[in-house]
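Trainee: have a look; sequence and predicted model below, questions after that.
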Amino acid sequence: MFGLSTFEYDDDGFRECGVTGLTIHKSAEDLVKLFGLTAIVSLAVGGVFAITVAMTRWEAVGFLDPGQYYRFTSLHAWFMILFWMVFMEIAILYVGGPFVLGRRLSVPKLGWAGYAIMLGGGALAVYSIATYELPNQAPFYTSYVPLPSPAPYFAGAVLFLLGALVAAVPFFVTLWHEKREHPTETLPLITFGAFVTAVIALEALVGGITALTPAFLWRIGFLEHLDAAWYRQMFWTIGHGSQQINLLAMITVWYFMTHVIGGAEVASEKVSRVAFVLYLFFINLGAPTT
């Protein structure tokens, strides 16, 4: 990545992974490193904010004053719940797709564009949280209407989710090319799991954009009123969806670790695929609106 890779690629940009034996293309590997590293940094930063929050709740320390406490709690939520999870899940899609299939990543420019939009939107949201002043309120994770969070915060949140949508497109296009070339072959189990994860991610991201865009228009005065119950219902599409994506991505990673790296065999791939499909259609029944 950025010319610092220690691996050697052939003339077509491929190399063989010494750990997994997979054929990996540089277009996918660079973006996996980028999204994965950003996710890990976000996790570390979110952990620092978590320590400050915990040290404030510990009465003997009382690290932050009440105003700063809620500001740091909001930053902790964004770095841990959205930045860490979504950046890492995009990286997992690129591993489950191009890596496992042994293909180059289709339309990689969209991956880079999606990353840039996510980074820009996330930075705007973080800046808005770090600098908000009354009458604006700390957004926390929910940013519930009618509590007035800063308008740039909502704009940044929408941009971040939109960037994630753009970054997911290369994964779907890669799978489309795979099925066009091999229409009778079944996708590998890990790729199938990543595909189901991506479908749930699309639902969650679109739901989040649907909730946060009107909230932004309300904060800039374009909309006079926004129904709080509607906003809450729509917001939890991304609120719960981000956790559902995380769970399914984790299961997909477990399969990758045990069966690709560890060399284990699935007792029944058919049962595993059915479980993924059941998760896709019925997980929302276990995620009531908060």
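Mentor: Okay, I see it.
Trainee: give me the most central residue, this protein.
Mentor: Closest to where the C-alpha atoms of the chain average out (C-alpha atoms, centre = their mean) is residue 86, at 1.3 Å.
Trainee: so which residues make contact with whatever helix or strand that one lives in?
Mentor: Using DSSP states H and E, residue 86 sits within helix 84-94. Residues from elsewhere that reach helix 84-94 (C-beta atoms under 8 Å, 6 or more residues apart in numbering): 28, 31-32, 35-36, 38-40, 42-43, 46, 105, 111, 114-115, 118, 160, 164, 167-168, 170-171, 194, 197-198, 201, 242, 245-246, 249, 252-253. Just so you know, the C-beta spots here come from the backbone N, C-alpha and C atoms, and that holds for glycine as well.
Trainee: show me what the helix or strand following it is packed up against.
Mentor: The element immediately downstream of helix 84-94 (helix or strand, assigned by DSSP H and E) is helix 100-101. Where contact means 3 or more C-beta pairs under 8 Å, 6 or more residues apart in numbering; DSSP states H and E, helix 100-101 is packed against helix 151-181, helix 189-219.
Trainee: hmm, back to that, report the rounded mean pLDDT for the helix holding residue 86.
Mentor: For helix 84-94, mean pLDDT is 94.
Trainee: do the same with stretch 36-54
Mentor: The average pLDDT for stretch 36-54 rounds to 93.
Trainee: and what of stretch 250-265?
Mentor: Across stretch 250-265, pLDDT averages out at 84.
Trainee: buried ones in it?
Mentor: Buried residues in stretch 250-265, defined by neighbour count with 16 or more other C-beta atoms under 10 Å: 251, 252, 253, 255, 256, 259, 260.
Trainee: try stretch 173-188
Mentor: Neighbour-count burial for stretch 173-188 [16+ other C-beta under 10 Å]: 174, 175, 178, 187, 188.
Trainee: so which residues make contact with that stretch?
Mentor: 97, 98, 100, 101, 103, 105, 106, 107, 191, 192, 195.
Trainee: look up how far residue 138 lies from the first one.
Mentor: Which is residue 97. From residue 97 over to residue 138 the distance is 38 Å, taken as C-beta to C-beta, to the nearest Å.
Trainee: out of those two, which sits in the busier spot?
Mentor: residue 97 (27 against 21; other C-beta atoms under 10 Å).
Trainee: make sure that one is actually in contact with residue 193.
Mentor: No - Residue 97 is beyond contact range of residue 193, at 10.9 Å (criterion: C-beta atoms under 8 Å).
Trainee: make sure residue 110 is actually in contact with residue 167.
Mentor: Yes - here residue 110 reaches residue 167: they are 7.2 Å apart, a contact under C-beta under 8 Å.
Trainee: neighbour count winner among those two?
Mentor: residue 167 (27 against 17).
Trainee: list the contacts of that one.
Mentor: Contact analysis of residue 167 by C-beta under 8 Å, 6+ apart lists 35, 90, 110, 111, 113, 114, 115, 118.
Trainee: put the buried members of the residues you listed into a PyMOL selection.
Mentor: A single PyMOL command selects the buried members of those (16+ other C-beta under 10 Å):
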select buried, resi 35+90+110+111+113+114+115+118
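Trainee: list the buried residues of stretch 66-78.
Mentor: The neighbour-count check on stretch 66-78 (16+ other C-beta under 10 Å) flags 69, 70, 71, 72, 73, 74, 75, 76, 77, 78 as buried.
Trainee: format those as TSV; extra columns: pLDDT and distance to residue 146.
Mentor: Compiled in TSV, those are given as follows (pLDDT from 0 to 100; distance: C-beta to C-beta, whole Å):
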residue	pLDDT	distance to residue 146
69	85	22
70	86	17
71	87	20
72	88	24
73	89	20
74	89	17
75	91	23
76	91	24
77	89	20
78	91	21
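Trainee: in helices only, show me the residues you listed.
Mentor: Among these, the members falling in helices (DSSP state H) are 69, 70, 71, 72, 73, 74, 75, 76, 77.
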